[in-house]
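In: here is a sequence with its predicted model. Questions after.
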Amino acid sequence: GGSPFVFTFGPNGFQQARRRPAAGSRPMPGGPGVPLECTLEELYKGAISKRAAFGGRDYTVDVKPGWKAGTKISFDDATFIVREAPHPRFAREGNNLSVWCRVGLTDLVQGSTQRIRTLDSRTISVRLEPFHFRKVVPGEGMPISRSPRDKGDLIVYATPLSEEQWAAAKSWGRTLMVIIGFYIFMYHGSLLMPILLLYQLFRAGTR
């Protein structure tokens, strides 16, 4: 409350200056915003009347399905910005979700069916064919905020490796492929086409 200006007496008499905001004062709309942490479940289904507090005042935010990290919600005297809490099973990229399933070598060779519990507590069955590491399930991702009835995709990964081991293997694998490819190109050019064909078949199995 009070005037936004302060008056001081200096060498030139009375001077007017704008009052500095006190520490902990509320951010104005359009400012950096106060983090509002939401779970993926809340961003999937929508969270009615999620409470947020700042500067000694309570606010009520109606979280809409499909909101992303960085979404801003402005009040007359405060702005909140959505922050996604890490999820133990799912990762989000845009409107898509991904989930990692560990399988044994037998399941990898013979194919497997993965039962996955979704963010809205349904259980879906996803069939992965033999030697396929990746399966895209359309319409099982996050709701699209401007059209909540439409959803992104769910990407299911199934390998004997953990997610960290798979990322490391892919990184080392690319480096090794470049070295081997250069060697074959220089000394065994006739083998290049069959190896490229095998590589394309491998890529098809990981899609």
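Out: Received it, and whenever you're ready, just let me know what you need.
In: flag the shaky bits of the protein, pLDDT-wise.
Out: The model of the chain has pLDDT under 70 over residues 1-32, 162-163, 165-207.
In: ends of stretch 138-157, how far apart?
Out: The first and final residues of stretch 138-157 sit 14 Å from each other (CA to CA, to the nearest Å).
In: now Ala52. Nearest residue, chain neighbours left out?
Out: Tyr59 (4.8 Å; CB to CB, 6 or more residues apart in numbering). (Glycine included, C-beta is placed from N, CA and C.)
In: quick one: that neighbour and Leu36 touch, right?
Out: No - using CB atoms under 8 Å, Tyr59 makes no contact with Leu36, being 9.1 Å away.
In: overlap in contacts of the two?
Out: The contact sets of Tyr59 and Leu36 overlap at 52, 80 (CB atoms under 8 Å, 6 or more residues apart in numbering).
In: can you give me the end-to-end distance of stretch 105-123?
Out: 24 Å.
In: the residue nearest to Ala52: what's it in contact with?
Out: Counting by CB under 8 Å, 6+ apart, Tyr59 has contacts 51-53, 75, 78, 80.
In: and what of Gly104?
Out: Pro160.
In: returning to what we had before: may I ask which helix or strand encompasses the residue nearest to Ala52?
Out: Secondary structure assignment for Tyr59, by DSSP states H and E: strand 57-63.
In: same question, Trp100
Out: Per DSSP H and E: strand 96-102 holds Trp100.
In: what does Asp107 give?
Out: With elements taken from DSSP H and E, the one containing Asp107 is helix 105-110.
In: which strands and helices sit next to that helix?
Out: Using 3 or more CB pairs under 8 Å, 6 or more residues apart in numbering; DSSP states H and E, the elements in contact with helix 105-110 are strand 154-159.
In: quick check: angle from the strand it packs on to strand 96-102?
Out: 20 degrees (axes from the mean of the first three to the mean of the last three CA atoms, to 10 degrees).
In: report all helices and strands that strand 154-159 contacts.
Out: Going by 3+ CB pairs under 8 Å, 6+ apart, strand 154-159 lies up against strand 96-102, helix 105-110, strand 112-117, strand 123-128, strand 134-137, helix 163-187.
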